[in-house]
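Asker: Okay, sequence plus prediction incoming.
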Amino acid sequence: MKTQPMAHQTEALKRLEGKRWFGLFCEQGTGKTWMALADAERAYAAGKINALLIVAPKGVHTNWTRREIPEHVEAPTKVAAYLAGSKSAQKSIEALHREGGDKLRVLSINIDALNTDTGFKTSVKFLERHRAIMVVDESHRIKTPNTGVTRRTLALGRRAVARRIATGTPLTNMPSDLYSQFEFLRPGLLGFDSYRAFVAQFAEILPDDHHMMRHIMKSSKFKPQLIARDRDGEPRWRNLDQLRELLEPHVYRVLKRDCLDLPEKIYQTRFFELSARQQEVYRRLERRLIIEHGDDLLAVHALAARTKLQQITSGFVNVEGEPFYVAKDNPRLALLREIVQDQQGQFIIWARFTEELTSIKLLMDQLDIPSVEYRGEISARDREAAVDDFQSGKATAFIGQPQSGGLGLTLTAAKTVIYYSNDFNYGTRTQSEDRAHRKGTMSHVVYIDLVATDTIDEAIARNLQRKGRVAAQVLGD
């Protein structure tokens, strides 16, 4: 490798040596990409492989080929990144099969592209023609067993010489998130022959005579597997120490606090009150599951109400795909204006909803604060430019959705990270936090949460804290 390892990275290479399947559960910013690349380079030098397939979230997969491999890998390489609809990218991929026979051939592909026939077939062809290690970066993306992308990822894994999973947040919501990740490494690696058996071992399951089970079984021939919940509605898990012992031989876990001399994270919460009109709309939806839209009263399903309650705290509700503004004033945006005007350096603003991002961008323009955007509808080229402009200092504000920008990026130019809004996904929160807090961070990072009092915002905060405690117990943090 061109770059020298830190002590914990050297330890990771020792743990990886000779392993056909292994997990790098290394916290964001500890250099797990370097570990995976060094492992592949070593296998290439030993003649065990001649290729590397990287499956990663959109934007992260190009970061491997554009930044990480040129910076770190010393072995001769020939690389290509899959970009749907790009003729030049397709030519680069075809060249991997024809040219550079003595080089380590690397293909990176966006994990969602595996849901397309073209993306999947491109990956199959690569694995069938070469002896490859397959790395699933941010492997918590394959946590759900029955999704198309999980099934196809597991099918690809069977064609690889060796398999790796890498993520700092293997449990984004619950212990059962681990099952599919380890099935990718090797079916039955943890000793379970099905997802149901895994869940039954580590969760309390409602008995057949429970009233909910009896009600469901009246109209269904399929016996569901429902996890019991406590008084607060939280799932009841069990045997988590046993689960930690099952994981230990197959993973390397390292936290930033154990290996990096990083400045501390500093957390702040800024509260605000909803306007009178927002409170009226919020309480009506909360009590009666009804939204008043013009002269109409629209019924809202209970499962959808949670999302719409959060939208109301930001001054709007999506009705049939279009934003409906519930009040002229937006206290959340007004608080953000105060906060950003007090900032002395660069900052990140994360927000859940597209309408929020649009309002934030407009505010930055009004305040003459140079800003870039990183969200789902932004092209891959513009995403790359957004990261480069922010890291170089051309942009003061980085505005993004954690679901798309919170993975795999280095945004260490930020001194402050503002959470305009959150969701219930623990992995999304921790991953997005660590875009700014990783190797290269030189000063304290301040995290500011905007919270509407007596609303769902506070429930989200409690939920994220609980999930953090469960993950820490399973992973031994």
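Answerer: Ah, there it is.
Asker: Grab the longest helix from this protein for me.
Answerer: For the chain, the helix with the greatest residue count under DSSP state H is helix 456-475.
Asker: Following the chain onward from the helix or strand of the chain with the lowest mean pLDDT, which element is next?
Answerer: In the chain, the helix or strand scored least confidently by mean pLDDT, DSSP states H and E is strand 296-299, which has a mean of 60. From strand 296-299 onward toward the C-terminus, using DSSP states H and E, the following helix or strand is helix 302-312.
Asker: Convert that next one to PDB, retaining C-alpha atoms only.
Answerer: These are the backbone C-alpha positions of helix 302-312, laid out as PDB (Å, rounded to 0.1, in the frame of the first residue of the first chain):
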ATOM      1  CA  ALA A 302     -52.300   5.500  11.500                       C
ATOM      2  CA  LEU A 303     -49.000   4.300  10.000                       C
ATOM      3  CA  ALA A 304     -48.700   7.300   7.700                       C
ATOM      4  CA  ALA A 305     -49.600   9.800  10.500                       C
ATOM      5  CA  ARG A 306     -46.200   9.600  12.100                       C
ATOM      6  CA  THR A 307     -44.500  10.900   9.000                       C
ATOM      7  CA  LYS A 308     -47.100  13.600   8.500                       C
ATOM      8  CA  LEU A 309     -46.900  14.700  12.100                       C
ATOM      9  CA  GLN A 310     -43.200  15.300  11.600                       C
ATOM     10  CA  GLN A 311     -43.800  17.200   8.400                       C
ATOM     11  CA  ILE A 312     -46.200  19.500  10.300                       C
END
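Asker: How about residues contacting it?
Answerer: The list of residues contacting helix 302-312 from outside it, by C-beta atoms under 8 Å, 6 or more residues apart in numbering, reads 274, 278, 281-282, 285-286, 289, 291, 300, 317-318, 326, 352-353, 355, 421, 455-457, 460. In this view, the C-beta of every residue, glycine as well, is placed from N, C-alpha and C.
Asker: Could you tell me which of the residues you listed count as buried?
Answerer: Taking 16 or more other C-beta atoms under 10 Å as the criterion, what is buried in these is 274, 278, 281-282, 285, 291, 300, 317, 326, 352-353, 355, 421, 455-457, 460.
Asker: which ones among the contacts of helix 302-312 are found in helices?
Answerer: The helices, defined by DSSP H, take in 278, 281-282, 285-286, 355, 456-457, 460 from these.
Asker: out of those, who's nearest Ala80?
Answerer: Using C-beta to C-beta, Glu355 is the member of the ones in helices among the contacts of helix 302-312 that sits closest to Ala80, with 36.7 Å.
Asker: distance between stretch 435-452 and the chain's centre?
Answerer: 17 Å (C-alpha atoms, centre = their mean, to the nearest Å).
Asker: Please identify the buried residues of that stretch?
Answerer: Using 16+ other C-beta under 10 Å as the test for burial, stretch 435-452 gives 435-439, 441, 445-452.
Asker: Stretch 151-160 now?
Answerer: By neighbour count on 16+ other C-beta under 10 Å, the buried set for stretch 151-160 is 152-154, 156-157, 160.
Asker: and it, C-alpha only, in PDB?
Answerer: As requested, C-alpha coordinates have been extracted for stretch 151-160 and formatted as PDB (Å, rounded to 0.1, in the frame of the first residue of the first chain):
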ATOM      1  CA  ARG A 151     -31.300 -11.800  -2.600                       C
ATOM      2  CA  ARG A 152     -29.200 -10.700  -5.600                       C
ATOM      3  CA  THR A 153     -26.300  -9.700  -3.400                       C
ATOM      4  CA  LEU A 154     -26.300 -13.100  -1.800                       C
ATOM      5  CA  ALA A 155     -26.500 -14.800  -5.200                       C
ATOM      6  CA  LEU A 156     -23.500 -12.800  -6.300                       C
ATOM      7  CA  GLY A 157     -21.500 -13.800  -3.200                       C
ATOM      8  CA  ARG A 158     -21.700 -17.400  -4.200                       C
ATOM      9  CA  ARG A 159     -19.600 -16.600  -7.300                       C
ATOM     10  CA  ALA A 160     -16.800 -14.800  -5.400                       C
END
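Asker: what does that stretch rub up against?
Answerer: Applying C-beta under 8 Å, 6+ apart, the external contacts of stretch 151-160 come out as 53, 55, 111, 114-115, 120, 123-124, 127-128, 132-134, 136, 142, 163, 180, 183-185.
Asker: Now, of these, which are buried?
Answerer: 53, 55, 111, 114, 120, 123, 127, 132-134, 136, 142, 163, 180, 183-185.
Asker: Glu195 and Val474: what is the separation?
Answerer: To be clear, residue 195 is Tyr; Glu isn't right here. In this structure, Tyr195 lies at 17 Å from Val474, with C-beta to C-beta, to the nearest Å as the measure.
Asker: the more surrounded of the two?
Answerer: Val474 (20 against 16; other C-beta atoms under 10 Å).
Asker: tell me the contacts of the more buried one?
Answerer: Counting by C-beta under 8 Å, 6+ apart, Val474 touches 171, 175, 178, 240, 243-244, 247.
Asker: Which of those sits closest to Pro207?
Answerer: The shortest gap between Pro207 and any of the contacts of Val474 belongs to Pro175, at 20.6 Å (C-beta to C-beta).
Asker: excluding its backbone neighbours, what's nearest the closest one?
Answerer: Of all residues not flanking Pro175 in the chain, Phe202 sits nearest, at 5.1 Å (C-beta to C-beta, 6 or more residues apart in numbering).
Asker: repeat for Leu475
Answerer: Beyond its immediate neighbours in the sequence, the residue positioned closest to Leu475 (C-beta to C-beta, 6+ apart) is Arg253, lying 5.8 Å away.
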